[in-house]
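Trainee: with the input below, show me the fold.
(2 chains)
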Number of protein chains: 2
Amino acid sequence: MNIHAYDSPVRVAVVELVAAVHVATPVFRHREFAEPALEAGVHVLLEKPMATSVEDCEAMIAASESGGATLMVAYRMHQDAYMVELVDRVARGEIGETRSFTSVFTHDINEDNHRGHSGFWGGPVPDFGAYPLNLVRHLFRAEPVRVHALGTRNDDRDFNFRDTVGVTLRFPGDRIAQYTLSYAGHDVDSFTLVGAEGSITSDSCYGYAPEPPRNLTVTTEHGVEERTATSVDQFAGATSSTVSAPAHGPSPTVRRGWRTCGCSRPSRSHCAPARRSPSHRGTSDRGSPAHRSGRSRRAPRTRSRTTRS
Amino acid sequence: MNIHAYDSPVRVAVVELVAAVHVATPVFRHREFAEPALEAGVHVLLEKPMATSVEDCEAMIAASESGGATLMVAYRMHQDAYMVELVDRVARGEIGETRSFTSVFTHDINEDNHRGHSGFWGGPVPDFGAYPLNLVRHLFRAEPVRVHALGTRNDDRDFNFRDTVGVTLRFPGDRIAQYTLSYAGHDVDSFTLVGAEGSITSDSCYGYAPEPPRNLTVTTEHGVEERTATSVDQFAGATSSTVSAPAHGPSPTVRRGWRTCGCSRPSRSHCAPARRSPSHRGTSDRGSPAHRSGRSRRAPRTRSRTTRS
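Mentor: Numbers count the residues shown, from 1 in each chain, chains lettered A, B, ... in the order given. Prediction:
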């Protein structure tokens, strides 16, 4: 495969030579690269979140339909065996009714990086926030109904947005999610999901590098189960899926893109769970052997119900 | 030592026979037990939080002064070697400037317990909330300047208050704290402290039972250090300290009680760091040998700065 990089919108002359475009520009510049490519019939793998407005989303979907090209948002976690299994286990009721979700996603971003000086849409809320937001939406199988956020800008950093943000979401079913995002903190990516009958935690959950491996600790009255999963190369898989999808079945979907764009469109169809197409299944199964080999069971921890006063 | 239990305020006749009273009633009934005991010269170890109003706090302090008896609030964590070391390490700058604090403290409380049907002041905010609130106040060495809280009441539980609460605090220095408390969730007590140059996490931090041991994972550019600490019997230590303090030096302090009562008195003296008296030092060192023996150093984890997209 020949790969070329462009820092301005792809012209039709170029478009005719390429099979697909992976748009990884700052979010507010997604449409200007994706729309002409899609209109010219070139498949587009679009970095998340999809766009900065519903208008831009709709324009790109229209371009995809008129050009007959696949538009796929590169949100990788819901195609990952680790996350798919996590969501399935919670849905099967392994920890009972879900009560709360808490996450920390912090990373020390250099101000020189384009994400460091592109304003809100280059900052931690759309960038990091997509991870805990999408994870809890899938774990709770619901959309948030209320949001509160508190942002701060650290004096010793030179970002042109609030670099640290604490978000609180209320979900149907009396459930609460909290997460803190920061471009000015040391690397942490972790979550804690509390259910009525158990909990699931991870202190390495969102990354894609091989180290540290992603992990899950599932604690119920039956004991503590610890699992690790090596990350998989989802970029190659997603790219392959985008390019090959039209030949192998239903497109891996604008609808899926909507599902993960992070915008708050209130329609019911927007929130409908995405169906897995055959081409998606091929992608999401890539990590399974390594993932499953990480299974282990330990003796139950002793956890008294009176460990606090 | 002879120990007696009372479920109504101690009368003077009884007071003359006892050296100290440990008041562990629901919070809104603290003053009615503590005040007459203190006025009669009986030392009082008062469960946290101190009271439900500043008025009650001041009345008990006045009773302590007029009766010449020690009033000590039984908030145990700041007398614990695990927490004292944690606070000291953060203050020494081991993880750089502090950025955010996140905590989860959930526990499945039976509605039959007095804490399950005594309204707000028997619920998770004053009860569990004292732990993350006091921890972050000591870690940040500051008082919060803004608060947001979201509470929910789960349909399948029968509490007469919001049983699950998400709190967000803003602290001076552009720092954010978030914590979720619940009486309706599986047992979790954990925190994550993010600094500019490192992070500290624990998935067992507030308990006092021997198992699971409390733990800390300190991650910096120098690597990952994991420590465990067996909990100590702080009830015996606190009781002994309360009773013996007048004979061994400065009282272990109403001021310390104020410092941890959780009320938001805006005076500067209220927020001044408590000094450790000799009697306190004796208590807080009890856990040191077991604590220190847990020290270990592992090889640094590889943590790339590009582990996310």
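Trainee: break down chain A into its helices, ranges please.
Mentor: According to DSSP state H, chain A carries its helices in the segments A:12-15, A:30-39, A:54-67, A:81-91, A:124-127, A:130-140, A:234-248, A:254-259, A:268-271, A:278-284, A:288-293.
Trainee: the second one close to chain B?
Mentor: No: using C-beta under 8 Å from any C-beta of the partner chain, helix A:30-39 stays clear of chain B, with a minimum separation of 14.3 Å. From N, CA and C alone the C-beta is placed, and that goes for glycine too.
Trainee: give the buried residues for that helix.
Mentor: A:His30, A:Arg31, A:Phe33, A:Ala34, A:Glu35, A:Pro36, A:Ala37, A:Leu38, A:Glu39 (16 or more other C-beta atoms under 10 Å in any protein chain shown).
Trainee: what's that helix packed up against?
Mentor: Where contact means 3 or more C-beta pairs under 8 Å, 6 or more residues apart in numbering or on different chains; DSSP states H and E, helix A:30-39 is packed against helix A:12-15, strand A:20-23, strand A:43-46, helix A:54-67.
Trainee: and with 10 Å instead?
Mentor: Where contact means 3 or more C-beta pairs under 10 Å, 6 or more residues apart in numbering or on different chains; DSSP states H and E, helix A:30-39 is packed against helix A:12-15, strand A:20-23, strand A:43-46, helix A:54-67, strand A:71-73.
Trainee: so which of the buried residues of helix A:30-39 comes closest to chain B?
Mentor: A:His30 (14.3 Å; C-beta to the nearest C-beta).
Trainee: so what are the domain limits for chain A?
Mentor: Following automatic domain parsing, chain A resolves into domains at A:12-76+A:233-287, A:80-232+A:290-297.
Trainee: what about the closest residue to chain B within the stretch 1-150 of chain A, how many residues close to it?
Mentor: Residue nearest to chain B within the stretch 1-150 of chain A (C-beta to the nearest C-beta): A:Arg99, separated by 4.2 Å. Summarising burial for A:Arg99: neighbours were counted as other C-beta atoms under 10 Å in any protein chain shown, giving 29.
Trainee: low-confidence stretches in the stretch 51-200 of chain A?
Mentor: Nowhere does the stretch 51-200 of chain A drop to pLDDT under 70.
Trainee: A:Arg31: what's its closest spatial neighbour, skipping adjacent residues?
Mentor: A:Asp56 (4.3 Å; C-beta to C-beta, 6 or more residues apart in numbering or on different chains).
Trainee: and that neighbour, how far is that from A:Val147?
Mentor: To A:Val147, A:Asp56 is 21 Å away according to C-beta to C-beta, to the nearest Å.
Trainee: related to what we said a few turns ago, so which of the domains of chain A is nearest B:Leu86?
Mentor: Set against B:Leu86 and scored by C-beta to C-beta, the domains of chain A come closest in domain A:80-232+A:290-297, at 16.2 Å.
Trainee: distance from that closest one to the middle of the chain?
Mentor: In terms of C-alpha atoms, centre = their mean, to the nearest Å, the gap separating the centre of domain A:80-232+A:290-297 from the centre of its chain is 9 Å.
Trainee: what is the neighbour count of the residue nearest to A:Ala24 when sequence neighbours are not counted?
Mentor: Distance criterion C-beta to C-beta, 6+ apart; nearest residue to A:Ala24, sequence neighbours excluded, is A:Glu47 at 4.6 Å. Per other C-beta under 10 Å, the neighbour tally for A:Glu47 reads 19.
Trainee: contacts only, for A:Glu47.
Mentor: Residues in contact with A:Glu47 (C-beta atoms under 10 Å, 6 or more residues apart in numbering or on different chains) are A:22-27, A:30, A:34, A:73-75, A:127, A:130, B:309.
Trainee: distance of the residue nearest to the residue of the stretch 1-150 of chain A closest to chain B when sequence neighbours are not counted from A:Lys48?
Mentor: Spatial nearest neighbour of A:Arg99, excluding adjacent residues (C-beta to C-beta, 6+ apart): B:Gly185 at 4.2 Å. To A:Lys48, B:Gly185 is 30 Å away according to C-beta to C-beta.
Trainee: A:Glu197: neighbour count?
Mentor: Residues within reach of A:Glu197, counting by other C-beta under 10 Å, total 16.
Trainee: quick one, what contacts the closest residue to it other than its chain neighbours?
Mentor: What sits nearest to A:Glu197 in space, not counting adjacent residues and going by C-beta to C-beta, 6+ apart, is A:Gly96, at 3.2 Å. Contacts here follow C-beta under 10 Å, 6+ apart; on that basis A:Gly96 touches A:Val90, A:Val194, A:Gly195, A:Ala196, A:Glu197, A:Gly198, A:Ser199, A:Thr220, A:Glu221, B:Asp156, B:Gly185, B:His186.
Trainee: filter the residues you listed to the buried ones?
Mentor: Taking 16+ other C-beta under 10 Å as the criterion, what is buried in the contacts of A:Gly96 is A:Val90, A:Val194, A:Gly195, A:Ala196, A:Glu197, A:Gly198, A:Ser199, A:Thr220, B:Gly185, B:His186.
Trainee: format these as CSV; extra columns: distance to B:Glu65.
Mentor: CSV is the format used below for the buried ones among the contacts of A:Gly96 (distance: C-beta to C-beta, whole Å):
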residue, distance to B:Glu65
A:Val90, 55
A:Val194, 44
A:Gly195, 48
A:Ala196, 47
A:Glu197, 49
A:Gly198, 49
A:Ser199, 46
A:Thr220, 51
B:Gly185, 42
B:His186, 44
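Trainee: biggest separation within these, which pair?
Mentor: Among these, the pair separated by the greatest distance (C-beta to C-beta) is A:Val90 and B:Gly185, at 13.8 Å.
Trainee: where do the contact lists of the two overlap?
Mentor: A:Gly96, A:Thr98, A:Leu193, A:Gly195, A:Gly198.
Trainee: reformat those residues as a markdown table; add distance to B:Phe105.
Mentor: Below are the shared contacts of A:Val90 and B:Gly185 laid out as a markdown table (distance: C-beta to C-beta, whole Å):
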| residue | distance to B:Phe105 |
| --- | --- |
| A:Gly96 | 18 |
| A:Thr98 | 17 |
| A:Leu193 | 15 |
| A:Gly195 | 15 |
| A:Gly198 | 16 |
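Trainee: max pairwise distance over these: which two?
Mentor: Spatial extent of these (C-beta to C-beta) is set by the pair A:Gly96 and A:Leu193 at 11.1 Å.
Trainee: what sits in contact with each of these two?
Mentor: Here A:Gly96 and A:Leu193 share the contacting residues A:Val90, A:Ser199, B:Gly185, B:His186, scored by C-beta under 10 Å, 6+ apart.
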